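Colleague: Okay, predicted coordinates and the sequence, questions at the end:
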Amino acid sequence: MRETELYRHLLGLVAPWEVSAVELSVEGGRVDVWAEHPRLTRFTCPKCDQVLPVYDHTEERTFRHLDSCAFLTYLHARPPRVQCPTHGVLQVALPWAEPMSRFTVLFERLAIDVLGTFVRFAMSPLKREAGIPTTL
C-alpha cells in the first residue's frame, strides 16, 4: 500500500477527496499530508445544497490531525469555493473539519475526551465533599 492510500484511510477521506502527497520529516517529528479533489469536481452550496462547479480555491489551509505514531500530523488543502446564485461565493463544507477550524474533527474529538477526563479528575475531591458519587 502506498503512503497516499494509507493516509487516505487514516484520515477517513472519501471521494472526491484524495491524498496527493505525504511528506515525512523525521528531524521535525512531523508528517504533512496534502488533500486534493479531481479537476471538474462539483460541490454543494453549504447553505442550500445546490450542486455547483468550483468557482475558485482559498489559500492553502493547514489542519492539525491525530498523531501518526510519534509524529505530529498536519493535513493541508486549498478548500474550494462555489458561486451560488442565491448565496454568493462560499467555501464548501470540508468533511474533515468544522467551518473555520484549524483542527480535524477527529483531533477535536480527542481533545474534548482528554479535557473531559481531566475535568472529572479535578472535580472528584469537590464531588466527594458534596456527597456526589465520583462515578458521575
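Modeller: Received the coordinates, thanks. All figures in this text were calculated on a predicted structure; none of them were measured in a lab. Numbers count the residues shown, from 1 in each chain.
Colleague: could you give the mean pLDDT of stretch 102-116?
Modeller: For stretch 102-116, the mean per-residue pLDDT is 91.
Colleague: ok, the residue nearest the centre of the chain - contacts?
Modeller: When Cα atoms, centre = their mean is applied to the chain, the residue found nearest the centroid is residue 104 (2.2 Å). Residue 104 makes contact with 11, 63-66, 75, 96-97, according to Cβ atoms under 8 Å, 6 or more residues apart in numbering. Where you see a C-beta, it was placed from the backbone N, CA and C, and this is true even at glycine.
Colleague: Do a quick rundown of the helices in this protein.
Modeller: With DSSP state H as the definition, the chain shows helices at residue ranges 3-11, 105-130.
Colleague: Give the buried residues for the first one.
Modeller: I take that to be helix 3-11. Using 16 or more other Cβ atoms under 10 Å as the burial criterion, the residues of helix 3-11 that qualify are 7-8, 10-11.
Colleague: what do you get for stretch 9-26?
Modeller: 10-11, 13, 17-19, 22.
Colleague: before we move on, what about stretch 106-123?
Modeller: Result for stretch 106-123 [16+ other Cβ under 10 Å]: buried residues residue 107.
Colleague: And stretch 76-93, by the same measure?
Modeller: 76-77, 79-82, 84, 90-92.
Colleague: can you list contacts of that stretch?
Modeller: 32-37, 41, 43-48, 50, 52-63, 94, 99.
Colleague: Run a quick neighbour tally on the residue nearest to residue 21 when sequence neighbours are not counted.
Modeller: Nearest non-adjacent residue to residue 21, counting by Cβ to Cβ, 6 or more residues apart in numbering: residue 34, 4.5 Å away. Neighbours of residue 34 under the rule other Cβ atoms under 10 Å: 18.
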